[in-house]
Structures are given as structure tokens and as C-alpha cells.
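Participant: Based on what follows, work out the 3D shape:
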Amino acid sequence: MKFILNKIDNFLNKITMYKVVLYYLILLWVVALIFSCVGILPYAPLLLLFSMLAILIISWGANALFAYVFEVPANTESIYITAFILALIITPATTTSEFIFLGWVSILAMASKYIFAIKHKHVFNPAALAVAITTIAINGTASWWVGTLCMVPFVLIGGFMIIRKIVRQDLAYAFFFSAFASILAFSIFNGGDILSTISRALLYSPLLFFTFVMITEPLTTPPSRALRVMYGILVGLLFAPQVHFGSFYLTPELALLIGNIFSYLISPKSRLTLKLKKAIQITPDTAEFVFLPNRQMKFKPGQYLEWTLGHDKTDSRGNRRYFTISSSPTEKELRLGVKFYPNSSTYKKALAGMKKGDTLIASQLAGDFVMPKNKNRKMTFIAGGIGVTPFRSMVQYLVDMKEKRDVNMIYANKTVEDIAYKDFFDSASQSPLNIKMIYTISDTKKIPEKWPGYVGYVNEKMIIQEIPDYETRMFYISGPRTMVSSTEEVLKNLGIRNSHIKTDYFPGFA
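Facilitator: A predicted model of the protein is given here:
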């Protein structure tokens, strides 16, 4: 099982979060088209195709118009993701009025990202808002036809890959179990057949599709784990079809919109325009970009942002990435440390080509990878490669605030030349903060003479020797997913509890 999961992770690491979702939705639609052709689904294949094309063309055109009017970069993947969601939840059109309905839904879904937005951040799930408005205005509704028995295996398999990629299992499970419990409770209270209720909920309803796609839409979900769980439970409790206020019954999309309002009220509202001040080469293949924000943003050391960089001829990996903020909240600039690889994406090539004064957009502040409130809690930071950026933020904050905590840090790289921010960390270790720095490199062919650090990967012996009080510490691990997983296993072999280990792996890290 572990071998299979590693294979899945290796595959997912090569694709951005948005591409995983898009490919999943395309697969579902293609499967539905095949089922229509062989008579398993009761829709004419041509009507299914024409409905999809209508939604795609209108969505693309509406989004291009809104992006031009509001002068913001268009997110291509987002257009197609919303379009395929609409195609999977609205019954294929068979009449002129139904095609008009598809057109209005598509336009409203795109409008929600620009018009129904506060401080340039859209509040509502685009597909859900569009369906809700048309339901009230022109009595057009979503059938959520993707929630049928023949689609369940494909919804499940792809869905688990999505929540694994975007690391939102907490949100998905919180919603699923609360929704399932709500549906079951109403059934029992009304004297319904329990087995029949379970069968309908799992095999003939949008519950699973909602769990994997709708509830996890990143731009409308809360930033921290605890708040995400609360959000999932709230929407889940409202999801049951029996939930009503007087004669007004909630639909799945209305339940989600109520959750979106809750999420907006408890989430950061930051969307920044960042102007490049300078770029600094900190290793042969790593650069730090220093930006001036149009306004100051409050954040905690260790959190991350979604960085959107509009550029021409975007490749399949899109124009958005999630990166940790490498600067401290005490600094006026926002810093971004990025490692560049051979055959980099168009995004990274555009980033590397930025000139002084060029701008990009940063939003969606999130992350639980932050220091404990208890300042007496001992901490050990373990970084791999450019995964060191959250620790640069934390250490700079501790230095600036003159906040002395018991901190030591293991920093693993392939070679000495790959060590980012080495001068900074060495300086911090000599300051009153007195952070103990431990370096290790894995390339045995490039070990410099009189190398004072370790050679090899982080292992149990290294931790026992350098951190004898490891059982009393909180461990923070940040780096490539394989490094994070292997180091986490090392700590667990030493008897470190899960509650004493925090890992930094977020959507789009690869």
C-alpha cells in the first residue's frame, strides 16, 4: 500500500493542484460521454457534447471580458474547472431555453470572480453561486447528475487523489461525515429506511462529488486546519435535503454559499499587488525575490501565499503557485525564495525574467506551520533544500523581536553550494538567540575538505547525537514531500508522537 501511495505522490508532484482537479473533471466528463454512447446514462451524446461546448465557449468569453475590464490576470485553469463542474451538475440542454439557461449560468459563474468579490477576492464558489442565482431568477436548477451509481467509482478514485494532492483531507472528511450524519439523523427522525437512506446518499446523490470538488475549492476555504474543519462541519450539517427554514428548503449549492460567507468572515482578506524591488542569487540555482507590497499584510512566520504571475504562452502548469513567505512579519518587504530546475515551467521562467518594478499578485494567505504560542516550548527545525524558507521567516522574526526560544535546526542539502541563507543562519547562531545549526549534505562526491557537518540524510543516529532531549521537543519539517515523509518516519521510529510533529507540505509545492 505504501508503495502505491508513493507512486501516486510521485505522479501528483509533477502536476499543479489546479491541473489535477481539471484532469479529474475532464476524466469524469469523458466517462459520462462514453456511458451516454452505450446507453448507461440517459443523455444523448451529441447534446452532452454541445452543452459542454456551449459552457466552455461562453465561460471563456465572459472571463476574458471581465479580466480585461477589471485589469487582472485571467486564470485559465479556473475557467475550465468551473466550466466542467457546471457541465457535470446541470442536465445537458435539449431546448433553446435550456441552452439560454446554460449561458446565464456560465456568465454568472465567471462574474462571481470579479463582480461578486470584496477586495479583489471572490467570496462564493462560482458554480454554486451561478446555480443559486439562476434558480431564484429564472427557475433553472442543477440536477447534480454526476451523483449517479455508474459514476461513483470514478468520482471516488479521482477524488481521493485530489484531496491527497491539495492536502485537504481534514476538510473533506469533516464535511462528509457531518453531511452523512445529518442525512441519517433526518431519516431516522422521520422513520425512513436506514439502508435505503445510506444507499441513496452514497450512490445516488452529489455527496461524494461535493466532498472532493465543491467543498475543497481553495479560494473560498478557511486558511487553517481548525477553521477548515468547522467550515466542513457547518456545510455538512446544512447539506441534508430535509434542512429548511419554514417553507424554504436548502439545496447543496445554498448550503455551500452559507459556508462561503462563514469562511469569508473568519479568513484573511488580503490580496496584494507586489512590485519587484530586487532579485538576489543565494545559491547557483536559487534566487530570492524581494517585493514591495502595495500595503502591509499581517501574517505569522511560516505561512504561505498563492502567487499569481500573468505571462504569455502559459504551459500546462498554469500561472499560479503556492510559496512560503520567506520574510518575517517584522520586515517591510515580502521575500520569496525559489529554486529553479532544468526545463523550468513557463511560470518560473517568467519569474526569473522579472525586472525591477514588475508586479505580480499574492493572495490566499494560509498555513498552520507556525510556532507554538508557548514560548517555553523547545523546537527543532528540519529543512530540506528550499524548504528552509519558513524557517528563514521564523528565525528573522525571533531575531527582530529579541525573542529567545530554545531552537535548534538541521538543514539538509545535496551539496554545500545548495545551502540557502547560510550566512543568515550562521549569523543567527552567533546572536543572543543562540540557535544551534546542524548541516548535512547527501552528495558524497562533493564533500569539501574539513567539512564540519554531517554526510547523508537525516537519520535517527544524527538526531540522538545532536539533540539528546529530542523527546521533549516539537519538530517542524519542511521540504520536498519525499524528504518530509522519510524524516517523519525517522522521528516516529524514535517514539516522537504525531502531535509533536508539524509538516509543511501544501498545495502546489512541487
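
Participant: so what pLDDT did the closest residue to residue 496 other than its chain neighbours get?
Facilitator: Nearest non-adjacent residue to residue 496, counting by CB to CB, 6 or more residues apart in numbering: residue 475, 6.3 Å away. For the C-beta atoms, the positions are set from N, CA and C on the backbone; glycine is no exception. pLDDT, residue 475: 97.

Participant: Residue 475: what secondary structure?
Facilitator: Per DSSP: H, G, I helix; E, B strand; the rest coil, the local secondary structure of residue 475 is strand.

Participant: Just give me the neighbour total for it.
Facilitator: For residue 475, the neighbour count with other CB atoms under 10 Å is 23.

Participant: which residues pair with it across the strands?
Facilitator: On the basis of DSSP bridges, residue 475 is bridged to residue 380, residue 501.

Participant: Any figure for the gap between it and residue 277?
Facilitator: 34 Å (CB to CB, to the nearest Å).

Participant: try residue 301
Facilitator: Distance from residue 301 to residue 277, by CB to CB: 20 Å.

Participant: How about the contacts made by residue 416?
Facilitator: Residues in contact with residue 416, defined by CB atoms under 8 Å, 6 or more residues apart in numbering, are 439, 441, 446, 448, 451.

Participant: filter those residues to the buried ones?
Facilitator: 439, 441 (16 or more other CB atoms under 10 Å).

Participant: what mean pLDDT does stretch 480-492 have?
Facilitator: For stretch 480-492, the mean confidence score works out to 91.

Participant: list the buried ones in it?
Facilitator: 480-481, 483-488, 490-491.

Participant: Equivalent analysis for stretch 224-233, please.
Facilitator: 224-225, 227-233.

Participant: Show me how far stretch 381-400 is from its chain's centre.
Facilitator: 21 Å (CA atoms, centre = their mean, to the nearest Å).

Participant: With stretch 66-79 instead?
Facilitator: The answer for stretch 66-79 is 20 Å, by CA atoms, centre = their mean.

Participant: gap between the two ends of that stretch?
Facilitator: End-to-end distance for stretch 66-79: 12 Å, by CA to CA, to the nearest Å.

Participant: follow-up on the earlier one: quick check, nearest of the buried residues of stretch 480-492 to residue 128?
Facilitator: Relative to residue 128, the closest of the buried residues of stretch 480-492 is residue 481; by CB to CB it sits at 31.0 Å.

Participant: what's the spacing between that closest one and residue 326?
Facilitator: Residue 481 sits at a distance of 19 Å from residue 326 (criterion: CB to CB).

Participant: can you give me the strands in the stretch 401-510 of the chain?
Facilitator: 407-413, 436-441, 454-455, 474-478, 501-504 (DSSP state E, counting those that start in this stretch).

Participant: Could you list the domains of the protein?
Facilitator: Annotated domains of the chain cover 16-266, 271-366, 379-504 [automatic domain parsing].

Participant: Give me the mean pLDDT for the second one.
Facilitator: Across domain 271-366, pLDDT averages out at 90.

Participant: For residue 211, give me its contacts.
Facilitator: 159, 172, 175-176, 179.

Participant: Show the model's pLDDT score for it.
Facilitator: Predicted confidence (pLDDT) for residue 211: 97.

Participant: Can you classify the residue nearest to it when sequence neighbours are not counted as helix, strand or coil?
Facilitator: Leaving out its chain neighbours, the residue that sits closest to residue 211 by CB to CB, 6+ apart is residue 176, at 4.6 Å. State at residue 176, reduced to three classes by three-state DSSP: helix.

Participant: again, but for residue 91
Facilitator: Applying three-state DSSP: residue 91 is coil.

Participant: That one against residue 145, yeah?
Facilitator: Yes. Counting by CB atoms under 8 Å, residue 91 touches residue 145, with 5.7 Å between them.

Participant: chain center to the longest helix seen in the chain: distance?
Facilitator: Counting residues, the longest helix found in the chain (DSSP state H) is helix 45-70. Mean-position distance between helix 45-70 and its chain equals 25 Å (CA atoms, centre = their mean).

Participant: Same question for stretch 137-147.
Facilitator: Distance, centroid of stretch 137-147 to centroid of chain: 28 Å (CA atoms, centre = their mean).

Participant: Distance across that stretch, terminal residue to terminal residue?
Facilitator: In stretch 137-147, first residue to last residue: 25 Å (CA to CA).

Participant: mind listing what's buried in it?
Facilitator: 140-142, 144-147.

Participant: Equivalent analysis for stretch 89-99, please.
Facilitator: For stretch 89-99, by 16+ other CB under 10 Å, it's 89-93, 98-99.

Participant: One more: stretch 206-223?
Facilitator: So, applying 16+ other CB under 10 Å, buried residues of stretch 206-223: 206-223.

Participant: among the residues you listed, which are in helices?
Facilitator: 207-209.

Participant: Indicate which one of the domains of the chain is closest to residue 372.
Facilitator: Here domain 379-504 is closest among the domains of the chain (CB to CB), at 6.2 Å.

Participant: Quick one: residues contacting residue 69.
Facilitator: residue 114.

Participant: now it: how far from residue 309?
Facilitator: For residue 69 relative to residue 309 (CB to CB), the value is 21 Å.

Participant: Likewise for residue 217?
Facilitator: The value you get for residue 217 to residue 309, if CB to CB is used, is 21 Å.

Participant: ok, now how distant is residue 501 from residue 337?
Facilitator: 23 Å.

Participant: Can you point out the buried residues in the strand or helix carrying residue 21?
Facilitator: Per DSSP states H and E, residue 21 falls inside helix 17-37. Neighbour counts over helix 17-37 (16+ other CB under 10 Å) mark 17-22, 24-25, 28-29, 31-32, 35-36 as buried.

Participant: now those as TSV including pLDDT and distance to residue 466?
Facilitator: Output for the buried residues of helix 17-37, formatted as TSV (pLDDT from 0 to 100; distance: CB to CB, whole Å):
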residue	pLDDT	distance to residue 466
17	77	35
18	81	40
19	84	40
20	87	38
21	91	41
22	92	44
24	95	43
25	96	47
28	97	50
29	97	53
31	97	52
32	97	56
35	97	58
36	97	62
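
Participant: nearest to residue 465, of those residues?
Facilitator: Out of the buried residues of helix 17-37, the member with the shortest distance to residue 465 (by CB to CB) is residue 17, at 38.4 Å.

Participant: In this model residue 168 seems to touch the closest one, though I could be wrong.
Facilitator: No. With contact defined as CB under 8 Å, residue 17 does not count as touching residue 168 (9.7 Å).
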